[in-house]
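>>> Fold the following and give me the result.
(one chain, ligands or ions: 1)
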Amino acid sequence: MSRFRLPDFPWDSLADHTAKARAHPDGIVDLSVGTPVDPVPPAIRDALASVSDIPGYPMTHGTPELREVAVEALRRRHGVVGIDPAAVLPTIGSKELVAWLPMLLGAGPGELVVIPELAYPTYEVGALLAGAQVLRSDGLTALGPQKPAMIWLNSPSNPTGRVLGIEHLRKVVRWAQDRGTVVVSDECYLALGWDAEPLSILHPDVHGGRLDGLLAVHSLSKSANLASYRAGFVTGDPALVRELLAVRKHAGMIVPRPVQEAMTVALADDELLAEQRDRYAARRTVLRKALQDSGFRIDHSEAGLYLWATRDEDAAATVGWFAERGILVAPGTFYGPKGGQHVRVALTATDERVNAAAERLAA
Ligand SMILES: Cc1ncc(COP(=O)(O)O)c(C=O)c1O
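So this is what the prediction gives:
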C-alpha cells in the first residue's frame, strides 16, 4: 500500500461513532454509506440464473445484446444519441474503473488529474495509483496554462448532490478538447434528478457531435440495486474505449457472464428504475424535512442519493450529535477539505429506518 501513498480508508475512522450509534436502544440508522437496501428485482435475479450453466470465458467487451441495450437505455433515459454499441465496455462495477482509469489510459508521473473540490475519494486514489498529480478544482481558471491528462466530472455529485448546468459542461468539454485533455464524467447518479434534470456529458447538446476525449461512466449499483453484482459500463469516444478494451482484455478485467445477463435485463426495464426512484424520492422528502426541522440547512442536493447538510459547525461535532441519536452520517471531510462543515446523509436506508431517524431527530 505504502508504495502508492494511499490515504487511510475513511470509514475506518468512524468506528467510535458507529459504536455509539449501535448502542441506541432501537438500533443504529446507518445513513453513512450509499449502499442499496431494497431487493434485487426478481426479473434481474432470473436473468442472472438463466446463464449460470455457461462454462466458458465471457467476453471482456460484453455480449452484443448488452452493448445494444446500454445504448438504447442512454437514448431513452438520458437523450444520448450517436453512441456506437462497439463503444460500450462493461465494467466490474464502476469503482474499479474509477480507480484504474488514469493507469489504463497511460497517465503517469508528471501528469495532472483534476478532480472536483468535493469528490468521491476514489478519483484521488486512481490518480495516486497511476503516480499522477492530483488537483482539486471545480473551475478551469485555476488550471491556468496546464494541460491535464484527465478531468473528472461528477454530476449529480457525490457528496453534494450538485448538478452541473449545460453551460458548465459545454465549457469544460470545449476547453478539454482544445487541449487534448480527457473528460471523464461519472454519471452513476444521472437517473436520480429531483429538483434539477442532470445532463450526460454525452448528450449532443453538450458536445455538439464531437465525442473525442469524452467518456461517461455508468453504474447499475444505485439505479437497479445491483451493488453486490458489480455492474457498470463506460462509453463515449470510440478510440478511447477501444484502448481500454485492449488493456482490460490483457488484464482479465471481465464482467462475469451471468452479471452481463442481469445488466441486459436491468438496462431494458425503465419501470424498475422508476419504482426505485420513487422509493428514494419518498425517503428524501422525509429526511429533508426532518433535518430542516431540526435546524439543518441543506445545500445543493438537487439530485442524487445524498443530502448535504450543515449547521455551520465542525463536521466532526455534527457526526457526534447524530451518533448520540443512533444515526450514523459521513463527515464532509471524507470528500475534501472544503467539506469541513457539512455531513452527507444517504437516502439508502429502509423506509422503517428512515422513519426511525426522522422520529429521533424530532424528539
Ligand atoms: C460518485 C461515485 N462513483 C462511483 C461509485 C462506485 O459505484 P459502483 O462501484 O458500485 O458502481 C460510487 C459509489 O458510491 C460513487 O458514489
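>>> Could you check how far the nearest residue to Leu112 once chain neighbours are set aside is from Pro7?
Spatially, and ignoring its direct neighbours in sequence, Leu112 is nearest to Pro148 (4.2 Å; C-beta to C-beta, 6 or more residues apart in numbering). Where C-beta positions appear, they are placed from N, C-alpha and C, glycine not excepted. Relative to Pro7, Pro148 is positioned 21 Å away (criterion: C-beta to C-beta, to the nearest Å).
>>> okay, these two: which has more neighbours?
Neighbours were counted for Pro148 and for Pro7 using other C-beta atoms under 10 Å; Pro148 has more, 23 against 11.
>>> from what I can see the more buried one touches Ile115, true?
No - using C-beta atoms under 8 Å, Pro148 is not in contact with Ile115; the gap is 10.0 Å.
>>> near the ligand, which residues of the chain?
Proximity of the chain to the ligand, by C-beta under 6 Å from any ligand atom, involves residues 34, 93-95, 98, 120, 154, 158, 186, 188, 219, 221, 227, 232.
>>> and those residues, which two are the farthest apart?
The largest distance within the residues of the chain next to the ligand, taken as C-beta to C-beta, falls between Asn154 and Ala227 and amounts to 17.4 Å.
>>> quick one: which of those two has more around it?
Set Asn154 next to Ala227 and count neighbours by other C-beta under 10 Å: Asn154 wins out with 25 against 19.
>>> Tell me which stretches of the stretch 1-150 of the chain form strands.
Taking DSSP state E, counting those that start in this stretch, the strands of the stretch 1-150 of the chain run over residues 29-30, 88-91, 112-115, 133-136, 150-154.
>>> any idea how far the last one is from the chain center?
Going back to what we said before, that points to strand 150-154. Distance, stretch centre to chain centre, for strand 150-154: 12 Å (C-alpha atoms, centre = their mean, to the nearest Å).
>>> so after that strand, what's the next helix or strand?
Using DSSP states H and E, the next helix or strand after strand 150-154 towards the C-terminus is helix 166-179.
>>> Pull the residues that contact whichever helix or strand comes after that next one.
Per DSSP H and E, the first helix or strand lying C-terminal to helix 166-179 is strand 182-186. For strand 182-186, contacts defined as C-beta atoms under 8 Å, 6 or more residues apart in numbering pick out 94, 98, 101, 105, 120, 123, 149-155, 172-173, 176, 200-202, 213-217, 240.
>>> Strand 182-186 - which strands sit beside it in the sheet, and in what orientation?
Applying DSSP bridges to the sheet, strand 182-186 is found paired with strand 150-154 (parallel), strand 214-219 (parallel).
>>> possible to save those strands as a markdown table with mean pLDDT and distance to Ala281?
Formatted as a markdown table, these follow (pLDDT from 0 to 100; distance: least, C-beta to C-beta, whole Å):
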| stretch | mean pLDDT | distance to Ala281 |
| --- | --- | --- |
| strand 150-154 | 98 | 21 |
| strand 214-219 | 98 | 19 |
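>>> mind checking pLDDT for the spatially closest residue to Val354 that is not a sequence neighbour?
Leaving aside its chain neighbours, Val354 sits nearest to Arg283 (4.6 Å; criterion: C-beta to C-beta, 6+ apart). pLDDT recorded at Arg283 is 98.
>>> Please name every helix or strand in contact with the helix or strand harbouring Arg283.
Assigned by DSSP H and E, Arg283 belongs to helix 270-293. The contact analysis (3 or more C-beta pairs under 8 Å, 6 or more residues apart in numbering; DSSP states H and E) places helix 270-293 against helix 64-78, strand 297-299, strand 306-310, helix 351-362.
>>> and those, which is most packed in?
Highest mean neighbour count of these: strand 306-310, a mean of 25 (counted as mean count of other C-beta atoms under 10 Å).
>>> Tell me which residues are up against it.
Strand 306-310 has contacts (C-beta under 8 Å, 6+ apart) with 34, 158-161, 284, 287-288, 291, 296-301, 318, 329, 332, 341-347.
>>> how about 7 Å then?
When contacts are defined by C-beta atoms under 7 Å, 6 or more residues apart in numbering, strand 306-310 is touched by residues 34, 158-161, 287-288, 291, 296-301, 341-347.
>>> so how far is whichever helix or strand comes after it from its chain's centroid?
Next in sequence after strand 306-310, counting helices and strands by DSSP H and E, comes helix 315-324. In this view, helix 315-324 has its centroid 25 Å away from the chain centroid, taken as C-alpha atoms, centre = their mean.
>>> What are the buried residues along helix 315-324?
Residues of helix 315-324 classed as buried: 315, 318-319, 322-323 (neighbour count, 16 or more other C-beta atoms under 10 Å).
>>> Between helix 351-362 and it, find me the angle.
110 degrees (axes from the mean of the first three to the mean of the last three C-alpha atoms, to 10 degrees).
>>> change the start of the numbering to 54 and stick with it
Renumbered: residue one is now 54, and that last one reads helix 368-377.
>>> counting contacts, what elements does helix 368-377 pack onto?
Helices and strands touching helix 368-377, as assessed by 3 or more C-beta pairs under 7 Å, 6 or more residues apart in numbering; DSSP states H and E, comprise helix 68-75, strand 383-384, strand 396-399.
>>> Report the rounded mean pLDDT for it.
pLDDT averaged over helix 368-377 gives 97.
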